[in-house]
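Asks: only geometry, no sequence info:
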């Protein structure tokens, strides 16, 4: 009987290790497939309309994405639109997870950090205030609270090394300069009266004001002027030159202007056939104009009508929002179920090691649990995703994100489950073990027939709490730019200039947690016979 139980445990552990190993193998396979394909992975902030955002059909669209799509079409590349967490853009680019950053990316102040194309858009940093606020010019911001997006051009215009003397004085005169993750959060702060003004890109400001012009206004004075370019990993001149040549070809045959007109950005165009050098001093490749066919056909009337509304907010009904969020819910559910599948048995294994009589194993388990519980889950996700590159020089594909999310969540929750299991096991009176020994039970029989059933009953309440917490923690997958439900809600909110998608997401989470709590309660009732 003892051998049979041992074999049963070994089979369970072997099956778990096989599933976990299969997950890693799939990640490695996807990385090799990525290397074999000619993919152009564009990293962009999906909450940055009109340059890149999620439309009412659940598609990522925008001025920059249209340009990238045309570039890929002309080079026979496969375009991959990859939303990224803006704070992690440098790590994304350095690790090879994306090919470039193409999303209204300001060159000024970053000249030496990336390999750039020539500028293609002139941009300005402007200030948005509430109507009737009494703020009519930049000097009126004295003593006020101004909010900007973190690591943005607006922040650089006020606090950067190249900031003008006037802007530095404005910044010094502020009561407070706050930073937020995205512009939708900035408008939430302004609308609620928590801040007095927002500094942001004029293109994004114009888009937002198309839906909120009754409540907000833009100051005529500009904080700064700047130029947008496409940023590549430092030294990646071959890919930069290919994109640059294609953009100039698009400018020559009129396609670039058509796309700019579609997004109401013709006044901001600055791409020029006359630019002969890059910022780094390199020579811009010549364009063989004889190989280009001038576009002679006018845009069809139907397309023209569509273009007139591309740069403005297109409001969606709650039904459409629910439909889009339901697609994101599938990603949330996959994180939830796979995390439980891996972390619960792994937690039992860690608990066994933690209670081992072998001191080195005890300490390994203690250190593992201490690290997992003592550091933020978001940080752990970043380590899992970027460690292969920064530690071993291995470039991962964008498809590795999902596997990194699963690995990070499973390792984190396994530590919590391990301590819950340990507390449940140690709460069983020692007398029961002694009685089982007297009756002739082996150690494995004692555990699986006497200890384990009682432990399961006792740990159900804390396990339920962890499972419910996991439902909400799935939103942290945004740290790896994995688009689950909450990330999608933020993207829709940005494109709609509305908070409604966030409230709908809240309802989704509540229903999900209600179902989970009900299921766990029923399981707990089924175990009542152990009382």
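Replies: Everything's here; your move. Note that the coordinates shown come from a computational prediction; the quantities given were computed from them, not determined experimentally. Residues are numbered from 1 along each chain as shown.
Asks: quick one, helices of the stretch 401-531 of the chain?
Replies: Assigned by DSSP state H, counting those that start in this stretch, the stretch 401-531 of the chain shows helices spanning 430-438, 443-445, 452-473, 485-496, 500-526.
Asks: tell me which of these sits most buried.
Replies: helix 485-496 (a mean of 26; mean count of other Cβ atoms under 10 Å). For glycine as for every other residue, the C-beta is placed from the backbone atoms N, C-alpha and C.
Asks: now that helix and helix 452-473, what's the angle there?
Replies: Calculated by axes from the mean of the first three to the mean of the last three Cα atoms, to 10 degrees, helix 485-496 forms an angle of 10 degrees with helix 452-473.
Asks: mind telling me what element residue 365 is part of?
Replies: Assigned by DSSP states H and E, residue 365 belongs to helix 359-374.
Asks: not counting its neighbours along the chain, what's nearest residue 98?
Replies: Nearest residue to residue 98, sequence neighbours excluded (Cβ to Cβ, 6 or more residues apart in numbering): residue 43, at 3.5 Å.
Asks: correct me if wrong: that neighbour contacts residue 95.
Replies: No. Between residue 43 and residue 95 there is no contact under Cβ atoms under 8 Å: 11.0 Å.
Asks: which of the two has more neighbours?
Replies: More crowded of residue 43 and residue 95, by other Cβ atoms under 10 Å: residue 43, with 27 against 21.
Asks: got any ranges where the protein has weak pLDDT?
Replies: Counting by pLDDT under 70, the chain shows low-confidence ranges at 1-37, 213, 290-317, 397-398, 497, 529-531.
Asks: for residue 326, see how far away the closest residue in space to residue 289 that isn't next to it in sequence is.
Replies: Of all residues beyond its chain neighbours, the one nearest residue 289 is residue 252 (5.7 Å), with distances taken as Cβ to Cβ, 6+ apart. Residue 252 is 44 Å from residue 326, where distance means Cβ to Cβ, to the nearest Å.
Asks: for residue 71, same thing?
Replies: For residue 71 relative to residue 326 (Cβ to Cβ), the value is 33 Å.
Asks: okay, these two: which has more neighbours?
Replies: Set side by side, residue 71 and residue 326 show more neighbours around residue 71, with 23 against 12, by other Cβ under 10 Å.
Asks: surely residue 421 touches residue 452?
Replies: No. Residue 421 is not in contact with residue 452 according to Cβ under 8 Å; the separation is 9.6 Å.
Asks: just to revisit the earlier point, contact partners of the helix holding residue 365?
Replies: Residues outside helix 359-374 that contact it (Cβ atoms under 8 Å, 6 or more residues apart in numbering): 350, 353-356, 380, 411-412, 414-416, 418-419.
Asks: run the last query once more with 7 Å
Replies: 350, 353, 354, 356, 411, 412, 415, 416, 418, 419 (Cβ atoms under 7 Å, 6 or more residues apart in numbering).
Asks: what's the second one in contact with, if anything?
Replies: Same thing as residue 353. Residue 353 touches 361, 364, 365, counting by Cβ under 7 Å, 6+ apart.
Asks: from these, which is closest to residue 524?
Replies: Minimum distance to residue 524 across the contacts of residue 353 is 27.7 Å, recorded for residue 365 (Cβ to Cβ).
Asks: rewinding a little: what's the farthest-apart pair in the contacts of helix 359-374?
Replies: Longest span within those, Cβ to Cβ: 356 and 412, 21.8 Å.
Asks: neighbour count for those two, which is higher?
Replies: Legend: neighbour count by other Cβ under 10 Å for residue 356 and residue 412, higher for residue 412 (24 against 13).
Asks: how far away is that one from residue 223?
Replies: 41 Å.
Asks: in contact with residue 199, which residues are there?
Replies: Neighbouring residues of residue 199 by Cβ under 7 Å, 6+ apart: 125, 127, 146, 148, 154, 158, 223.
Asks: if you set the cut-off to 6 Å instead, what comes out?
Replies: With contact taken as Cβ atoms under 6 Å, 6 or more residues apart in numbering, residue 199 is in contact with 125, 127, 146, 148, 154, 223.
Asks: okay, and the beta partners of it?
Replies: For residue 199, the beta-bridge partners under DSSP bridges are residue 127.
Asks: do residue 47 as well
Replies: residue 53.
Asks: I figured it hits residue 182, correct?
Replies: Yes. Judged on Cβ atoms under 6 Å, residue 47 makes contact with residue 182 at a distance of 4.5 Å.
Asks: more neighbours: which of the two?
Replies: Neighbours per residue (other Cβ under 10 Å) separate residue 47 from residue 182, with residue 47 holding more: 24 against 20.
Asks: in the longest helix seen in the chain, what's buried?
Replies: What stands out as the longest helix in the chain, according to DSSP state H, is helix 318-354. Neighbour-count burial for helix 318-354 flags 321-322, 324-325, 328-329, 331-332, 335-336, 338-340, 342-354 (criterion: 16 or more other Cβ atoms under 10 Å).
Asks: now that helix against helix 359-374, angle please.
Replies: Between helix 318-354 and helix 359-374, the angle comes out at 160 degrees (the same axes, to 10 degrees).
Asks: what's the angle from helix 318-354 to helix 500-526?
Replies: With the same axes, to 10 degrees applied, the angle from helix 318-354 to helix 500-526 works out at 40 degrees.
Asks: how far off centre is stretch 74-90?
Replies: Distance, stretch centre to chain centre, for stretch 74-90: 12 Å (Cα atoms, centre = their mean, to the nearest Å).
Asks: what sits up against that stretch?
Replies: 38-43, 45-46, 60, 68-69, 72, 92, 98, 101, 246, 398, 479, 481.
Asks: any of those buried? List them.
Replies: Buried among the contacts of stretch 74-90 (16+ other Cβ under 10 Å): 39-43, 45-46, 60, 68-69, 72, 92, 98, 101, 246, 398, 479, 481.
Asks: take those residues and keep only those in helices.
Replies: Among the buried ones among the contacts of stretch 74-90, the members found in helices (DSSP H) are 68, 69, 72, 92, 246.
Asks: from those residues, which is closest to residue 394?
Replies: Closest to residue 394, out of all of those and judged by Cβ to Cβ, is residue 92, at 14.9 Å.
Asks: test my guess that the closest one contacts residue 43.
Replies: Yes. Taking Cβ under 6 Å as the definition, residue 92 is a contact partner of residue 43 at 5.4 Å.
Asks: identify the contacts common to these two.
Replies: The contact sets of residue 92 and residue 43 overlap at 84, 98 (Cβ under 6 Å, 6+ apart).
Asks: on that earlier part again, is it possible to export the contacts of helix 359-374 to CSV including distance to residue 430?
Replies: Output for these, formatted as CSV (distance: Cβ to Cβ, whole Å):
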residue, distance to residue 430
350, 23
353, 21
354, 18
356, 18
411, 32
412, 32
415, 26
416, 26
418, 21
419, 20
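Asks: just give me the closest of those to residue 443.
Replies: Closest approach between the contacts of helix 359-374 and residue 443, by Cβ to Cβ: residue 356, at 12.8 Å.
Asks: circling back: which of the contacts of residue 199 fall in helices?
Replies: Using DSSP H, the subset of those located in helices is residue 154.
Asks: okay if I get the ones in helices among the buried ones among the contacts of stretch 74-90 as TSV plus distance to residue 229?
Replies: Converted to TSV, those look like this (distance: Cβ to Cβ, whole Å):
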residue	distance to residue 229
68	13
69	18
72	18
92	17
246	14
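Asks: for the residues you listed, work out which two are farthest apart.
Replies: 92 and 246 (22.6 Å).
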